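Visitor: sequence? don't have it. structure:
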């Protein structure tokens, strides 16, 4: 029955393609928080509030039945065989001392071999990859991995969050138009089917919510949207909204609120992590650029406000700059104009940390994707737009980029979920114990 | 009847204490816009939209019955005798060529002698000032000015917007507690009654809405709030929200939306106009500092979110720096923290123009203050908080600083006004012609 | 006799390939300075000092016999037929009012048709170009232009300064190795001979010093160096050192002076003038990039200081960003390290004006090139490195990039010139009158 | 004999008033370098080069006979009793792990009780202080400390570097005019004699070179200059040149080199260490402000260049901002003008670390002060200006602030020292062993 919501009973498997900087920062963080060594700052589900029934703020975690951090079991796939401790050390996001404090637990999490196609990420060369006679076989292998992980770790449910690299730019073609064509494409090893689509397919077919943290299409094609609706699985994407784009979707609504015009917005980024290295390839950058460029037009609506935004020049650049590692830094120059057209300038320099901003987003998406699933919500979850640079929407709707409207929408949906009665629990639900994942 | 709204018939006198940089930029701008030489960018009433009855955006100017720019007649008071053209040249906000194009019309607007007390603005020394046996006499002189201006210019109504300097820091004392004490204080020449209060008193007594663009108290004392309610006059303040604080009230809600913590926010400003010179006096700066410091706590609520904002160090500095003239520039350093407490930094450098941002705010306040008056709304107009750094609120309420919530509230009130039936117009309302002010 | 120096008698023709932003800013500026409407700020020859014989600073213009601004006659070539007033208006570097004040004089200066090859500047399409049966014929046409200009304007001497666009990246090949091969290449229309080389050849053959303000090779090939030495003509290049690179060659020696290490230097630029549009083509950008990248290694010597500079990542980006026009803006992030390897960062945001910085450099090079010629100095003038991003040096020497050493070298050479006795003047040298150029 | 130089035989005591952030960073760094755990970056004596006799760069440490790091024994005075390990932990400049690695050695260095007067540093309150009947007695106690430390640690020589807080602003008065008046003032407990002067006096009287890392006068009064000359002791000051001022003395000569004008230079700083806390007191800030404001005029010479620098507005601000700790950060806005007076702007944001920049300066000054002493150089050592914000000069000379001229002068003096013959060594000079200091 749709009005009820299933309780967050038992363990939840959080499965991530890509156990790199973001995933290991997420895992190490959750482990640290469980041990009360640190705080899950940046996570709405853990630290944030929403308006309660009386309008006063209440903790989100108290208002809706989320899985607790103690119930999560982490796993994933990677093209390198490093365990999570080794991978976190190489990613160099977290300092050595806090990582060493939880080394044992991290070392037990080892990636499953990945589905990988170098045509989609030319700058990477991994050895820890699956082989199969065609993409259908690879999808089946992933479904076996999912089922195996759930069984081995005693999980009740799973959720998949794409934390791997950005793939080269692709547009949806015929093979993506419906589920039959897609499944035929898997059998035919169609080159237009990206690895991220194989993962999304495997997740949906397994009844596992799929959330996409990168800008590549993955589940954002008609075939997989259909499949998600048919299988009653929530999906969402694309591209974690973190540093520069987060700032942009905060600031642009503010300038618009005051009817200030914009003549130009130049954005550059420097970063030196694996993500930056992958984006050093023009075809992969193209995917990211498209994701980053869309936000302003959707917020400012030059069509409705041609005097203010009709002649706006928006440019985004990303540079691979090794000295910064994961410390992604952005610099924006914004040329605005006010009363009588007089010009002013805003410069924003954001010294951010890419994975520190992304990890709590990945956590929230895992927990909210699982919540949506238990609430019986299927298909594209537009109310999760708050977390995405390039929100996937259903059926030709216009995406919402204004972070404040996105938040209002998130609160609104959480409010309706909070107001639902819980489903009757079966008596057998015992206490849950936490174990390291066994892959 | 309260449900109707009076039409914006005839001329509206816009009277400004202080015909300096902001007021002359406003006047020159409106004249230029009337002649189709420029656009009123930054003014919501002229360029902005609000949600229509069907939720789709409509122009504010079309939704509610505002006075048109052609109906405005400008006048004011100043401690220097310069006419508006001369004053605008000295302020050096607008370029020479566009000013010369409208020189004749600007030269006809001459300030009336000001009520001034050097104890409240030690850095200024003006000669064009009123004398009177006590503050009550000065207030009466202002009321005569108002009545005279309206009569001489054939106006139907007037509105007053304080555009003069920031006064020294003052706190409300006994003489400000009720209207009898206040009026006795005027007779006694009480030193705690600031010139801005004399203007506010004169306006309210004359039935003229009073909006306060500076951070000094002016109408923000119990006596004048009482008087405004009794006289059925709308009032509002304090301190036009322009550059740095505008940015702060845009950005802080965005950081809070993502549950990011803040450890420090350092804000510095450099400006070289008369405002900067006045604020070079520590007592006047104190007034501005209090106004600028309040915003973060009200938005972030460290009381509710001690983990994120409980240990936040907020500092604001203003420096008088002549090379920049009116080109106020701010630099903010924001120390934030995210996942597991890891630190990040945001630096914002805003090369703004103080009066270019303030002029459309003053225009909107004049038009909306007049609208409120015609709609029968009296006392503190909290819904105009959108325009103020330090919103005046009624009866101990908490001010709203989040610019997006302020905008939502503004839209909401405009919506209810838009939905009211107009009052029956009397038949005699003839066409309105625009003349230069005659003072 | 080499020890004497010819006096700066009569008029000096200043001939510029490219009458665009830089050249028109130079011409308009000199005209304004002659009329005492403005000051030649940024020009060492006009405003700067050098150590006198007693070590105390003396004005350069008083120490060495430079041509005076009143003696200069400007002319040039362009691919568009606009006169200097029209071209200056389009370049939009200078404000309208000061340009209008000297409009008459600027309108009289009209470009001669240019030698142009779209293969070297794919983004430009000009119609005001010469045709000829081969590059030799084009070179002869330029020599005729030079001789004709000198005669028509009653000039004693001429100097040529390349102010046109950056050409696509080219490396010296066989045809550039000696003068015979080069002249054969002109006859054969060899595609490796760029237009800038044709200009340089024509200048040198005409006995006219050639200074190259762009990063393309022009006279920086063995054939033309030989020719310059044989013809006793001074030459110099490459690429006016203006905004970001000027800052870099100031700052890098300072960091090195304190033995601070550098791990990365990221430089980005945004500009919207024609130069930016040309550099939007990757092949033209390559030429500029090579010019801009060289400076750090030559200053910091990672070979000698591997601990400090051995692992430095230097990156330069240029973006065509129309909203900024000629207001080129740079942003640099410099990652340095100090005591025990601890990291620090420097960010530099330079809101500069490209042509405002370049015009006085072009002026100084014209005057100093002429001085060198009168002093009998031939071939590559390394002492002018102070003015160039990528100094042309003779015979495999290492270029000097440190701006302070460059300045010391400039002063040293000027000192030796100042100490020479003047040549005996012939009696007939009459007073010089200034006329507009007649092309 | 002055032409020879004494060898750097035996141990050198490095005695520092103030064992806070700078001193502990210096000590911990030298210990780490000795153990090959880190590199002494930022120290010219350890990492830098000078021109050799043939003009090719040679390592300074190889060209002149400096004491080696293994020969240094550290000690000092502080108003808090913390040992160097505890003090370094509180200063929080260095990370925990590298400090723990050398904990034992640091814990053995304990401060001697300080000479302290709260009138000179109102914001600090220390308990570990000397008492004495008057300042003469305190001076004698310091001399006893020096002699005792040298004896206890088997040192051959000592050098003193002031690393304590900035004292309140003081100007030289009668008591400072000659050594008799000064010594009488010590007996009379004259309030104009600051603690830093008592230390300087004690050092000079003990034959120990004194170098002043803060902006207070200390040895910069006629009485102590006389004494230093009479006792043949080298002295130098004032105020370690580190972050913002270092940048200023790099950049200003560069702008001047190009004859670019400057209309304004606004400098702000935020820092949260003890130095910042002391400077939060206006009287202490005044001392620092005077030190920081002088540099531009001395470099740019507005008297000689009134057109370029005659109307320059220079402003320096320092703000105590706890979130940054020792990570001092500066932001500079520089308003320059070029050709025809057109305006441009430079913004510099330096995220520096105060003590990381200061520690190698303190090291170099200790080693070079000792070298000067062995070379028989007495009185004010102007050639060490390179290291100081506000160089102390002898007899009314003009200080040199240009960092490149300062470096040239440093190299020149080192060159003459390098060219001197060594003094004959006495045969007994055995090998030196390193011990922890015994206080």
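Guide: That came through, no problem. Computed from a predicted structure; not experimentally measured.

Visitor: check whether the longest helix seen in chain A comes near chain C.
Guide: As assigned by DSSP state H, the longest helix anywhere in chain A is helix A:354-374. No. Counting by C-beta under 8 Å from any C-beta of the partner chain, chain C is not contacted by helix A:354-374; separation bottoms out at 15.8 Å. C-beta: built from backbone N, CA, C; applies to glycine.

Visitor: what is the subsequent helix or strand relative to the biggest strand by length in chain A?
Guide: The longest strand of chain A (DSSP state E) is strand A:261-271. Using DSSP states H and E, the helix or strand that follows strand A:261-271 towards the C-terminus is helix A:274-279.

Visitor: identify the residues contacting the residue nearest the centre of chain A.
Guide: Nearest residue to the geometric centre of chain A (C-alpha atoms, centre = their mean): residue A:213, 2.8 Å. Applying C-beta atoms under 8 Å, 6 or more residues apart in numbering or on different chains to residue A:213 gives the contacts A:22, A:161, A:162, A:163, A:237, A:239, A:240, A:358, A:361, A:362, A:365.

Visitor: look up phi and psi at it.
Guide: Note on residue A:213: its backbone torsions stand at phi -90, psi 0 [degrees, to the nearest 10].

Visitor: quick one: contacts for the nearest residue to it once chain neighbours are set aside?
Guide: Among residues not flanking residue A:213 along the chain, residue A:240 sits closest, at 4.5 Å (C-beta to C-beta, 6 or more residues apart in numbering or on different chains). Residue A:240 sits next to A:22, A:213, A:214, A:357, A:358, A:361, A:362, A:387, A:388, A:389 when contact means C-beta under 8 Å, 6+ apart.

Visitor: now with 10 Å, please.
Guide: Residues near residue A:240 by C-beta atoms under 10 Å, 6 or more residues apart in numbering or on different chains: A:22, A:161-163, A:211-215, A:246, A:354-355, A:357-362, A:365, A:387-389.

Visitor: repeat for residue A:379
Guide: Applying C-beta under 10 Å, 6+ apart to residue A:379 gives the contacts A:225-236, A:372, A:394-395.

Visitor: so after whichever strand or helix holds residue A:180, what's the next helix or strand?
Guide: Of the helices and strands defined by DSSP H and E, residue A:180 is found in helix A:179-188. Of the helices and strands lying after helix A:179-188 in sequence (DSSP H and E), the nearest is helix A:195-205.

Visitor: check which strands are paired with the very next helix or strand once past that following helix and give the direction for each one.
Guide: Downstream of helix A:195-205, the first helix or strand assigned by DSSP H and E is strand A:210-212. Strand A:210-212 pairs in its sheet with strand A:155-162 (parallel), strand A:234-236 (parallel), by DSSP bridges.

Visitor: how far does the shortest one sit from its chain's centre?
Guide: Average the C-alpha atoms of strand A:234-236, do the same for its chain, and the two points are 11 Å apart (C-alpha atoms, centre = their mean, to the nearest Å).

Visitor: the longest one now?
Guide: Its chain's C-alpha centre and that of strand A:155-162 lie 13 Å apart, by C-alpha atoms, centre = their mean.

Visitor: quick one: the strands in the stretch 201-350 of chain A, in order.
Guide: A:210-212, A:234-236, A:261-271, A:313-320, A:329-337, A:343-351 (DSSP state E, counting those that start in this stretch).

Visitor: what's near enough to touch residue A:87?
Guide: With contact taken as C-beta under 10 Å, 6+ apart, residue A:87 is in contact with A:18-21, A:23-24, A:27-28, A:76, A:78, A:80-81, A:106, A:109-111.

Visitor: if you could redo that for residue A:361, that was the one I meant.
Guide: Neighbouring residues of residue A:361 by C-beta under 10 Å, 6+ apart: A:22, A:26, A:42-44, A:161, A:211, A:213, A:240-242, A:246, A:386-388, B:258, B:339.

Visitor: in helices only, show me those.
Guide: Short answer: the contacts of residue A:361 in helices (DSSP H) are A:22, A:26, A:44, A:246.

Visitor: quick check: mean pLDDT of the helix or strand encompassing residue A:89?
Guide: Assigned by DSSP H and E, residue A:89 belongs to helix A:84-91. For helix A:84-91, mean pLDDT is 95.

Visitor: show me what counts as buried in that helix.
Guide: Within helix A:84-91, the residues that count as buried by 16 or more other C-beta atoms under 10 Å in any protein chain shown are A:84, A:85, A:86, A:87, A:88, A:89, A:91.

Visitor: can you list the domain ranges for chain A.
Guide: Split into domains by automatic domain parsing, chain A comes to A:11-240+A:356-429, A:244-353.

Visitor: wait, which of those domains is closest to residue B:68?
Guide: Using C-beta to C-beta as the measure, domain A:244-353 is the one of the domains of chain A that comes nearest residue B:68, at 17.4 Å.

Visitor: distance from that closest one to the middle of the chain?
Guide: The answer for domain A:244-353 is 20 Å, by C-alpha atoms, centre = their mean.

Visitor: first-to-last residue distance for that domain?
Guide: Start and end residues of domain A:244-353 are separated by 11 Å (C-alpha to C-alpha, to the nearest Å).

Visitor: over to stretch A:250-268?
Guide: 17 Å.

Visitor: do stretch A:170-178 as well
Guide: End-to-end for stretch A:170-178, by C-alpha to C-alpha: 17 Å.

Visitor: possible to save the domains of chain A as TSV with distance to residue B:319?
Guide: Rendered in TSV, the data for the domains of chain A read as follows (distance: least, C-beta to C-beta, whole Å):
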stretch	distance to residue B:319
domain A:11-240+A:356-429	33
domain A:244-353	19
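
Visitor: quick one: which of these is nearest residue C:97?
Guide: Nearest to residue C:97, of all the domains of chain A, is domain A:244-353, at 17.3 Å by C-beta to C-beta.

Visitor: got the confidence number for the residue nearest to residue A:213?
Guide: You'll see residue A:240 listed with a pLDDT of 94.

Visitor: who does it bridge with?
Guide: With DSSP bridges as the rule, residue A:240 is bridged to residue A:388.

Visitor: residues of chain A that sit close to chain C?
Guide: Contact residues, chain A versus chain C (C-beta under 10 Å from any C-beta of the partner chain): A:262-266, A:268, A:270, A:272, A:311-313, A:315, A:317, A:319-324, A:327, A:329, A:331-335, A:337, A:343, A:345, A:347, A:349, A:351.

Visitor: please go through these and note which also touch chain B.
Guide: A:327, A:329, A:331, A:332, A:333, A:334, A:337, A:343, A:345, A:347, A:349, A:351.

Visitor: now, of those, which are buried?
Guide: With neighbours counted by 16+ other C-beta under 10 Å, these contain buried members at A:327, A:329, A:331, A:332, A:333, A:334, A:337, A:345, A:347, A:349, A:351.

Visitor: buried residues in stretch A:193-207?
Guide: Neighbour-count burial for stretch A:193-207 [16+ other C-beta under 10 Å]: A:193-206.

Visitor: which one of the residues you listed is nearest residue D:401?
Guide: Proximity of those to residue D:401 (C-beta to C-beta) peaks at residue A:196, which lies at 59.1 Å.

Visitor: just to check, the closest one is in contact with residue A:161?
Guide: No. Applying C-beta atoms under 10 Å, one finds residue A:196 not in contact with residue A:161, separated by 11.8 Å.
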